[in-house]
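Peer 1: Attaching a predicted model along with its sequence, questions to come.
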Number of protein chains: 2
Amino acid sequence: MTTVTELLQPVELDLEHLLTDLRSLIGAGHPILQAAAEHLFSAGGKRIRPGIVLLLSRALSDESELSSRHRRLAEITEMIHTASLVHDDVVDDASTRRGVPTVHSQFNHRVAVLAGDFLFAQASWHLANLDNLDVVKLLSRVIMDLADGEIKQGLYRFDAGQSFSTYLEKSFCKTASLIANSSQAVGVLSNLPEEKLKLLYQFGKQLGLAFQVVDDILDFTGNDKQLGKPAVSDLASGYLTAPVYYAIEEHPFLETLIAREFSSKGDLDKALDLVNNSNAIARSRELAQKLAMESREAIKWIPESPSQRALLELPEFVLSRLY
Amino acid sequence: MTTVTELLQPVELDLEHLLTDLRSLIGAGHPILQAAAEHLFSAGGKRIRPGIVLLLSRALSDESELSSRHRRLAEITEMIHTASLVHDDVVDDASTRRGVPTVHSQFNHRVAVLAGDFLFAQASWHLANLDNLDVVKLLSRVIMDLADGEIKQGLYRFDAGQSFSTYLEKSFCKTASLIANSSQAVGVLSNLPEEKLKLLYQFGKQLGLAFQVVDDILDFTGNDKQLGKPAVSDLASGYLTAPVYYAIEEHPFLETLIAREFSSKGDLDKALDLVNNSNAIARSRELAQKLAMESREAIKWIPESPSQRALLELPEFVLSRLY
């Protein structure tokens, strides 16, 4: 099976470059933030998001030289993503993320607020100085969607009365918006025509949604190592995802368990049984496959190159986490 | 003596309009944020910052009709300011601001992080959609300076080895940058030539610095009602301001008291005595007066109108808080 490292091999050096840049940008002259920056931008992270921006940037140019604006866009994308993670962990009171202590648990919530604000501020400053109003609009949409998604997620906790499309909307805001809008932004910087920009957006949107659905399936089927968090932690926290919505269609009693917030003894185990004794996981897999396929379809026009091949493999790679 | 309400009279209705807009923008559909929005944008606040933007907007147009972009700029300015206050109160662990409980003490720090992020996100979205890259750059500089100022303030606590210019730099970042850059942005939206833009920036910069120096003097001479916080609370927290730097020049022992963080009994009272038995307050007043005068000088070219008269009175009004 392809690993992330293999997949991102065409932009491996670009990613190293990016991490060095981000560490020095954030840490420079601010000892309080230096430690947080080291913590956030140390090697080992998967960096899928800037990886996608860089792969697209190479695939849509002549590959020999990456423009400094494309590089900067990848950095901005990662800054926005990281800032939002750091603040979300404060809001959700999460003590670890993928097995690593969060900034607010490693330091304190005041450092986490400061570090996130500083990253958002840097992102917004560098964004303005890309000197392209369309790119500013696309990425400011991402910042808006991330805040909106975090609010939606809190609002809809334990609320099984919400529709499936609300779940997809929340997933779009929290995961897909950044990939969709930054993919389109690469196209803007590469002067592509409107119809190609739409396809790049579609590629990122469906890929992001597929990624989120896979994550949501793994909350039921995965192990701690894969997830970096205890299984069914989403469900236990009241975050309702694709498998839950599908399972409710077969077992309406699940809605009752959710509505009482699993307050009776054994409720959570019962809920898990109901999901497992249904077609929920199978249907969720089908949804993820459909989204991944649509994502791949959307970029078939990109000319052949090592980066293009990696991009075409990405949707399948996202699904491979399920096997 | 002129009151704020009298001073802002030419834009009184504009400000009411702005507050209604902000409340509905932030609260819409988000019960968690609704209460925070009511708390933040209830009547009673002074709204000096959007007031300045609105006065300049009227003074630099024909006054009969305010453009929707000028209105939006005033809203963005207030959103950025409020977002930064909410987060700074978390970082500084402040329980009240001007006598009113802070969002994180009234609700909790998770709501405060969410509300601040949502305001920053809204600001960045509306900013991009003003469709003017120069305005985007000016306001993104503000966001950057606010984060930078908050970091600097933390870094320089109890550090009397810092220079006076470091203090001014921090004050610029935390207070003057927003007024300077938003004043210039009004000029950009009103299509003024470069030399006028520079003067608008100068007006806002000197006014913001004067405002900060006055605030810093009031920490020593004011009462709780004027400040909404106990006297010498800045000094006690280790935030060194103009009066302190001037007093150290006459009484170097003050530096020792600061370096040991007022850890011996009576240290803070001794420090206060040293400041009071020096020319520190008088020199700080002179500095504030000089800054206020320079601010007024910078906008003498604006044609006569009710808003212009209010603007010319502003610097004197800032100083009047001292009497």
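Peer 2: That came through, no problem.

Peer 1: Near the closest residue in space to A:Asp219 that isn't next to it in sequence, how many other residues are there?
Peer 2: Of all residues not flanking A:Asp219 in the chain, A:Asp234 sits nearest, at 4.5 Å (Cβ to Cβ, 6 or more residues apart in numbering or on different chains). The way it works is simple: take the backbone N, C-alpha and C, and place the C-beta from them, glycine included. Using other Cβ atoms under 10 Å in any protein chain shown, A:Asp234 has 20 neighbouring residues.

Peer 1: For A:Asp234, give its distance to A:Lys170.
Peer 2: 12 Å (Cβ to Cβ, to the nearest Å).

Peer 1: Now A:Arg275. Nearest residue, chain neighbours left out?
Peer 2: Rather than Arg, residue A:275 is Val. In space, A:Val275 is closest to A:Ala247, 4.4 Å off (Cβ to Cβ, 6+ apart).

Peer 1: Name the helix or strand for the one you found, please.
Peer 2: Secondary structure from DSSP states H and E places A:Ala247 in helix A:242-250.

Peer 1: again, but for A:Leu197
Peer 2: helix A:194-221.

Peer 1: near chain B, which residues of chain A show up?
Peer 2: A:30-33, A:84, A:87, A:90-93, A:109-110, A:113-114, A:116-118, A:120-122, A:124-125, A:127-129, A:131, A:133, A:136-137, A:140-141, A:143-144, A:146-148, A:150-151, A:154-155 (Cβ under 8 Å from any Cβ of the partner chain).

Peer 1: Tell me which of the residues you listed fall in strands.
Peer 2: Judged by DSSP state E, these include no members of strands.

Peer 1: which ones among these are found in helices?
Peer 2: Under the assignment DSSP state H, the residues of chain A next to chain B contribute A:31-33, A:84, A:87, A:90-92, A:109-110, A:113-114, A:116-118, A:120-122, A:124-125, A:127-128, A:133, A:136-137, A:140-141, A:143-144, A:146-148, A:150-151, A:154-155 to helices.

Peer 1: in chain A, which helix or strand is least confident?
Peer 2: Within chain A, no helix or strand scores below helix A:224-227, which has a mean of 52 by mean pLDDT, DSSP states H and E.

Peer 1: Identify all contacting residues around the helix or strand just after that one.
Peer 2: Under the assignment DSSP H and E, the closest C-terminal helix or strand after helix A:224-227 is helix A:233-236. For helix A:233-236, contacts defined as Cβ atoms under 8 Å, 6 or more residues apart in numbering or on different chains pick out A:Asp216, A:Asp219, A:Phe220, A:Leu227, A:Thr241, A:Val244, A:Phe262, A:Leu268, A:Ala271, A:Leu272, A:Val275.

Peer 1: Could you find the lowest-pLDDT member of those residues?
Peer 2: Least confident by pLDDT among the contacts of helix A:233-236: that is A:Leu227, with 52.

Peer 1: The helix holding A:Leu197 to helix A:133-155, inter-axis angle?
Peer 2: Following axes from the mean of the first three to the mean of the last three Cα atoms, to 10 degrees, one obtains 20 degrees for the angle between helix A:194-221 and helix A:133-155.

Peer 1: Beyond the helix or strand where A:Ala271 lies, next helix or strand please.
Peer 2: Using DSSP H and E, A:Ala271 maps to helix A:267-276. Beyond helix A:267-276 in the direction of the C-terminus, DSSP H and E gives the next helix or strand as helix A:280-297.

Peer 1: Check the burial of the residue lying closest to A:Asn132 once chain neighbours are set aside by counting its neighbours.
Peer 2: Among residues not flanking A:Asn132 along the chain, A:Val188 sits closest, at 6.4 Å (Cβ to Cβ, 6+ apart). Neighbour count of A:Val188, defined by other Cβ under 10 Å: 18.

Peer 1: Could you do the one 10 residues further on as well?
Peer 2: When neighbours are defined as other Cβ under 10 Å, A:Lys198 has 14 of them.

Peer 1: any idea how far it lies from A:Ala180?
Peer 2: The value you get for A:Lys198 to A:Ala180, if Cβ to Cβ is used, is 10 Å.

Peer 1: tilt between whatever helix or strand A:Arg49 lives in and helix A:194-221?
Peer 2: Using DSSP H and E, A:Arg49 sits within helix A:48-60. Orientation of helix A:48-60 against helix A:194-221 (the same axes, to 10 degrees) gives an angle of 150 degrees.

Peer 1: In PDB, please show the C-alpha coordinates belonging to helix A:48-60.
Peer 2: Extracted C-alpha coordinates of helix A:48-60, given in PDB (Å, rounded to 0.1, in the frame of the first residue of the first chain):
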ATOM      1  CA  ILE A  48      -1.500  16.500   3.500                       C
ATOM      2  CA  ARG A  49      -3.000  20.000   3.000                       C
ATOM      3  CA  PRO A  50       0.100  21.900   2.000                       C
ATOM      4  CA  GLY A  51       1.100  18.700   0.200                       C
ATOM      5  CA  ILE A  52      -1.900  19.000  -2.100                       C
ATOM      6  CA  VAL A  53      -1.300  22.700  -2.700                       C
ATOM      7  CA  LEU A  54       2.300  21.900  -3.700                       C
ATOM      8  CA  LEU A  55       1.400  18.900  -5.900                       C
ATOM      9  CA  LEU A  56      -1.200  21.000  -7.700                       C
ATOM     10  CA  SER A  57       1.200  23.900  -8.000                       C
ATOM     11  CA  ARG A  58       3.800  21.600  -9.600                       C
ATOM     12  CA  ALA A  59       1.300  19.700 -11.800                       C
ATOM     13  CA  LEU A  60      -0.100  23.000 -13.100                       C
END
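
Peer 1: what's the offset of that helix from the middle of its chain?
Peer 2: 15 Å (Cα atoms, centre = their mean, to the nearest Å).

Peer 1: Give me the contacts around that helix.
Peer 2: Contacts of helix A:48-60 (Cβ under 8 Å, 6+ apart): A:4, A:7-8, A:10-11, A:14-15, A:18, A:66-67, A:70-71, A:73-75, A:77-78, A:81, A:178-179, A:182-183, A:185-187, A:189-190, A:192, A:200, A:204, A:207, A:302-303, A:305-308, A:310-311, A:314.

Peer 1: Please name the nearest non-neighbouring residue to A:Lys300.
Peer 2: With Cβ to Cβ, 6+ apart as the criterion, A:Lys300 has its nearest non-adjacent residue at 7.8 Å, and that residue is A:Leu312.

Peer 1: quick one, the host helix or strand of that neighbour and helix A:194-221 angle?
Peer 2: If you go by DSSP H and E, A:Leu312 is part of helix A:306-320. In terms of direction (the same axes, to 10 degrees), helix A:306-320 departs from helix A:194-221 by 30 degrees.

Peer 1: out of everything not next to it in sequence, what's closest to whichever residue of the stretch 201-323 of chain A sits closest to chain B?
Peer 2: At 13.7 Å from chain B, A:Ser237 is the closest residue in the stretch 201-323 of chain A, using Cβ to the nearest Cβ. Ranked by Cβ to Cβ, 6+ apart and with sequence neighbours excluded, the top spatial neighbour of A:Ser237 is A:Arg157, at 7.0 Å.
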